[in-house]
Structures are given as C-alpha cells and as structure tokens.
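1. give the three-dimensional model of this entry:
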Amino acid sequence: MENTLHSVDLSFSALYQKQLAFSHSLRLTSAKERIAKLDRLHAAVSAHEEALIEAMWADFKKPSVEVKLTELAPLYMEIKHFKKNLSKWMRPKKVSNHFPFLLGKSRIHYEPKGVVLIIAPWNYPFYLALAPLIAAVAAGNAVTIKPSEFTTHTAKIISKVIASAFTPDEVQVVEGGIEVSQALLEQPFHHIFFTGSTPVGREIMKAAAKHLAGVTLELGGKSPAIIDESADLPAAAAKLMWGKFLNAGQTCIAPDYVLINKDMTTVFMAELEKALETFESKSKASVDMSAIVSERHYQRMRHLLQDATEKGAKILLGGHFDNENRRLSPTVVTEVTSDMLLMQEEIFGPILPLVGVKHTQDAIDHINANDKPLALYVFSRNSFKIDQILQQTSSGGSCINDVVVHITNPELPFGGINQSGLGNYHGLAGFKAFSHEKSVFHQFTRFNVNKMLYPPYGPQKQKLIKWLMKLIK
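-> I've put the predicted structure just below:
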C-alpha cells in the first residue's frame with residue numbers, strides 16, 4: 001500500500017483516525033522493536049541516496065557533496081545515537097521521595113504522545129523531514145509528514161523512503177501545497193513539529209491551540225556573528241564564508257550578519273576575499289553552491305540587495321546574479337543601516353552584511369535590541385569577552401570560534417527561543433519532545449501513613465501538622 005496522499009485526496013480525518021487507532025499498539029512496542037524500525041529507515045535512506053542526490057539537483061541544484069554532508073550524514077549520526085541510547089531513555093526514571101511520603105516509590109514514565117504531524121521546510125527538505133521522524137518513531141508515535149511543496153522531487157523520494165520502511169498506519173507522507181497543510185492542521189494531532197519561518201510558526205501555534213496540541217517550532221531569525229580584536233581573522237573569515245554560503249545561505253542558523261570593530265573592517269574584508277578565492281568564484285555564482293529554491297525567493301534576493309544599495313550600502317564582494325540558474329554569487333556588503341530590509345528581515349540567502357561597532361558592549365546592545373536569534377557566533381580568544389557575550393545575550397544556541405556545527409552534535413539540544421523557536425530536539429531532547437513525561441507515585445500498602453492527616457482535625461492532628469510544618473520548613 002502506498003504511503004503517500006496527494007492534494008487530490010483530502011480524506012485527512014480518515015487518515016488521522018487510522019493512525020490514532022494504530023497508535024495504541026505502538027505505545028506498547030519495546031526498545032528492540034523501535035530500534036528495528038530505525039534500522040529499516042536507515043536501510044531505506046541508504047538505498048535511495050543516489051535518487052536523493054538527483055532529486056535535490058532537480059529541485060535547486062544542490063551539490064552532491066552538500067547533500068551527503070548536510071542531508072544524509074547527520075541523519076545516519078542521529079539514527080546511530082538513538083540506537084545506542086534508546087533502551088536507557090525508555091526506562092522509567094527513579095526520583096527521590098520527600099518527607100512525609102518516604103515509603104512510596106516515585107518514577108517518571110516516558111510514554112508516546114500519540115499521533116504527531118511533522119511539517120518540513122524546503123531548505124533542507126530531506127534532513128528536516130526525517131530527523132524529527134527518528135525521534136518521533138523512537139518515542140513510539142504514529143507520524144504524518146508533510147514535505148515542502150517547493151521541493152517536489154525531494155518530496156517524492158521522502159515518500160518512497162517512508163513506503164519502504166513503514167506501513168501507512170505508522171508513518172504516512174502527505175504531499176501538496178498550503179491547502180493540504182491547512183487541512184492537516186484541522187485534525188487533532190497530539191503534537192505538531194514545524195520547521196520554517198517565524199510568521200508561519202505563529203499560524204501553526206494558533207492552529208495547535210484549537211486542539212491544545214503540543215508544538216515544537218524550529219524557526220529562525222537574524223543570527224549574528226561577533227568578531228572581537230583577539231579573533232583569528234583568517235580562520236573566522238573562512239568559517240563565516242563557509243557557514244554563510246552553505247546551501248546558498250538558505251540555512252536557518254546561517255550567520256545573518258557580522259558585528260565587528262570598525263577599525264578591523266578593512267583587514268577583515270581582505271581575509272574574506274582570500275577565503276572566498278579558495279573555494280568559490282568571485283566573478284559569478286559558483287556551481288559548487290546551490291541555487292535559490294524558487295523564482296520568488298530569487299527575486300527577493302534582488303530586492304533586498306537593491307533596497308540596500310539604494311539606501312547607501314556598498315557591495316564589497318560578489319553581487320553577481322545568474323538568472324538562468326537562479327544563483328547569486330557570495331556577496332558581502334558594508335555600510336548597512338537599520339532602515340534597510342537587509343537588516344530587518346532574515347536574509348536566507350548568500351548575502352553577508354558587515355556592521356561596524358566600536359566595542360563588544362555595542363555588539364551586545366545591538367543583539368539585545370532585536371529579537372532573540374536562533375544562533376549566536378562568537379569569534380574571540382579572550383575568555384572574559386566570550387563569557388561576557390554569552391551571559392549578556394540570549395539565543396537558541398551558540399558556537400565559539402565556529403559556525404553551524406553545533407547542530408551536528410546529537411548530545412546538544414537544538415532549538416530556538418521566543419521568536420526563533422519553541423522547544424528542542426536531537427538526541428534525548430528529541431525523544432522527550434515526542435514523549436509525555438508521566439509522573440507515577442506508587443504508595444506503600446502495608447499501612448496508610450496518610451491516614452494520620454485525614455480529618456477531623458482535632459487537637460492531636462493539629463499538633464502533628466504543626467510538627468510536620470516545622471520539619472518541612
């Protein structure tokens with residue numbers, strides 16, 4: 001049976017009810033059974049690697065190396081991590097009791113939430129559909145996946161992978177546009193996992209509120225990089241150029257802009273140019289960089305750059321558009337101001353603004369004056385300043401002297417805060433995101449110690465309660 005519904009088939013209520021009925025048996029599965037499902041998923045992904053590479057090139061000309069490094073490798077790492085730890089995570093967790101209930105036993109049981117919906121984005125369409133799926137399946141849930149309509153070739157590979165590894169009752173893929181997402185959101189899913197923009201995240205949360213569904217929102221925002229006077233400039237330049245232009249800048253945790261001492265801008269620009277020469281073309285968009293995903297997004301890059309230059313920004317590197325292939329060469333701009341769209345919206349493309357500041361505190365104040373970012377990058381060899389920045393700012397996550405790579409460690413929870421997201425996943429955080437932590441207290445049965453506290457509250461019991469209150473205080 002095919003695991004995919006298309007927009008022509010809108011029987012989402014029947015789909016949900018079928019998965020709901022099956023979810024009751026899924027909650028009884030053992031760690032061994034769930035690990036076997038992850039093995040099947042691993043095998044299915046592996047069997048479709050070449051087809052995925054072809055699909056992602058068809059969707060937005062993503063280089064095969066980037067597909068392997070950013071779509072496949074982290075998935076295999078996540079599966080391996082879950083297989084190693086799932087048995088331990090599933091065990092009820094013993095917690096201590098407190099006086100006066102010392103004779104009982106307290107445990108935390110991890111139970112699946114039930115039926116969950118994963119709405120995946122277009123920028124990493126394979127990885128960001130299947131990474132949360134790994135956690136949801138490991139936690140014992142039935143899952144519906146809605147891939148992005150912008151990457152239709154990749155969506156079909158996702159459907160084939162899922163059909164190879166699961167029955168439709170357990171995991172189902174639903175393809176289609178916004179009308180499909182809206183129809184799915186009418187169903188009373190127990191948890192909704194969404195990756196995408198902050199405005200759409202707000203709408204997802206409104207829809208979830210109708211059914212009081214849990215949500216994990218992986219959003220984005222303007223993730224800054226701070227470079228102080230002690231930084232290794234050549235290394236910082238190379239890492240920023242890689243992290244910014246990976247996937248043509250279409251990465252939720254890409255460095256969005258750089259805060260740097262004004263006196264260092266000229267020297268740093270030279271290092272950026274050197275770094276670019278080693279792996280990209282300065283004259284045109286490189287074939288080693290993805291295309292912009294759609295014509296609408298491509299025209300948005302044009303508009304952002306045009307708006308900035310008309311308001312006084314200077315293009316120091318790049319700025320070359322390839323209309324035929326929807327590519328923009330790696331572009332660095334300076335003399336940006338707050339009234340430019342480039343500094344008001346998440347760029348989500350291969351444009352890197354440099355913002356001059358006088359002191360580290362100015363950089364901190366700039367960050368704190370805006371929405372909390374999904375990621376914060378600090379380049380410094382001064383431990384005092386690193387601590388100062390981390391303590392005085394708030395962000396979903398952070399890298400010191402690197403960019404983006406914190407997302408690859410399954411031991412680190414990944415997620416945003418406020419406008420950049422809600423909730424975490426990866427590894428144990430992902431298992432918990434799709435689980436309900438149920439509190440269970442098992443009372444001692446030989447005699448009822450609580451009886452001493454039952455009414456009526458005569459003088460003796462009042463004296464006992466007074467004594468208990470002294471002990472508790």
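2. against Ser106, how distant is the closest residue to Glu149 other than its chain neighbours?
-> Excluding its sequence neighbours, the residue lying closest to Glu149 (Cβ to Cβ, 6 or more residues apart in numbering) is Gly177, at 4.5 Å. Placement of C-beta: from N, CA and C, glycine included. For Gly177, the distance to Ser106 equals 48 Å [Cβ to Cβ, to the nearest Å].
3. before we move on, the earlier item: my read is that the residue nearest to Glu149 contacts Phe150, right?
-> No - counting by Cβ atoms under 8 Å, Gly177 sits too far from Phe150 to count as a contact (9.5 Å).
4. burial measure for Phe447, as a count.
-> Using other Cβ atoms under 10 Å, Phe447 has 8 other residues around it.
5. what do you get for the one 10 residues further on?
-> If you count neighbours by other Cβ under 10 Å, Tyr457 ends up with 11.
6. please report phi then psi for it.
-> Reported as degrees, to the nearest 10, the phi and psi values for Tyr457 are phi -90, psi 80.
7. one step back: ok, Gly177 and Ser106, which is more surrounded?
-> Ser106 (16 against 11).
8. average pLDDT for whatever helix or strand that one lives in, rounded please.
-> According to DSSP states H and E, Ser106 maps onto strand 105-112. Over the span of strand 105-112, the pLDDT mean works out to 95.
9. just checking, what packs against the helix or strand following that strand?
-> Per DSSP H and E, the first helix or strand lying C-terminal to strand 105-112 is strand 115-119. When contacts are defined as 3 or more Cβ pairs under 8 Å, 6 or more residues apart in numbering; DSSP states H and E, strand 115-119 sits against helix 12-26, helix 127-138, strand 142-146, helix 178-184, strand 191-195.
10. Ala238 is nearest to which of these?
-> Evaluated with Cβ to Cβ, the helices and strands packed on strand 115-119 place helix 127-138 nearest to Ala238, the distance being 23.9 Å.
11. what's the closest one in contact with?
-> Outside helix 127-138, the residues within contact range by Cβ atoms under 8 Å, 6 or more residues apart in numbering are 34, 37-38, 41, 45, 70-72, 74-75, 78-79, 82, 86, 116, 118, 120-121, 143, 145, 147, 158, 161, 166, 170-171, 193, 195, 216, 218, 425-426, 430-431, 433-434.
12. are any of those residues buried, and which?
-> Buried subset of these (neighbour count, 16 or more other Cβ atoms under 10 Å): 34, 37-38, 41, 45, 70-72, 74-75, 78-79, 82, 86, 116, 118, 120-121, 143, 145, 147, 158, 161, 166, 170-171, 193, 195, 216, 218, 425-426, 430-431, 433-434.
13. now, which of these lie within strands?
-> Of the positions in these, 116, 118, 143, 145, 171, 193, 195, 216, 218 sit in strands, assigned by DSSP state E.
14. among those, which pair sits farthest apart?
-> Among these, Val171 and Glu218 lie farthest apart (Cβ to Cβ), at 19.5 Å.
15. other SSEs contacting the helix or strand harbouring Trp242?
-> Element membership for Trp242, per DSSP H and E: helix 233-245. On a contact count with 3+ Cβ pairs under 8 Å, 6+ apart, helix 233-245 meets strand 224-227, helix 265-279, strand 351-357, strand 375-379.
16. just the buried residues of it, please?
-> Those buried within helix 233-245 under the rule 16+ other Cβ under 10 Å are 233, 236-245.
17. residues contacting the residue positioned nearest the centre of the chain?
-> Compute the mean C-alpha point of the chain, and by Cα atoms, centre = their mean the closest residue is Glu218, 4.3 Å away. Going by Cβ under 8 Å, 6+ apart, Glu218 touches 128, 193-196, 252, 414-416, 421, 423, 425.
18. turn the helices and strands packed on strand 115-119 into TSV, including mean pLDDT and distance to Asn370.
-> Output for the helices and strands packed on strand 115-119, formatted as TSV (pLDDT from 0 to 100; distance: least, Cβ to Cβ, whole Å):
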stretch	mean pLDDT	distance to Asn370
helix 12-26	95	38
helix 127-138	98	25
strand 142-146	98	31
helix 178-184	94	29
strand 191-195	98	22
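19. between the ones you listed, which gets nearest to Asn323?
-> Among the helices and strands packed on strand 115-119, if distance is taken as Cβ to Cβ, the winner is helix 178-184, at 26.7 Å.
20. ok so, going back, closest one to Glu186 out of the contacts of Glu218, please.
-> Using Cβ to Cβ, those come closest to Glu186 at Phe194, 15.2 Å.
21. so who does that closest one touch?
-> 119, 200-201, 204, 215-218.
22. and with 7 Å instead?
-> 119, 201, 204, 217-218 (Cβ atoms under 7 Å, 6 or more residues apart in numbering).
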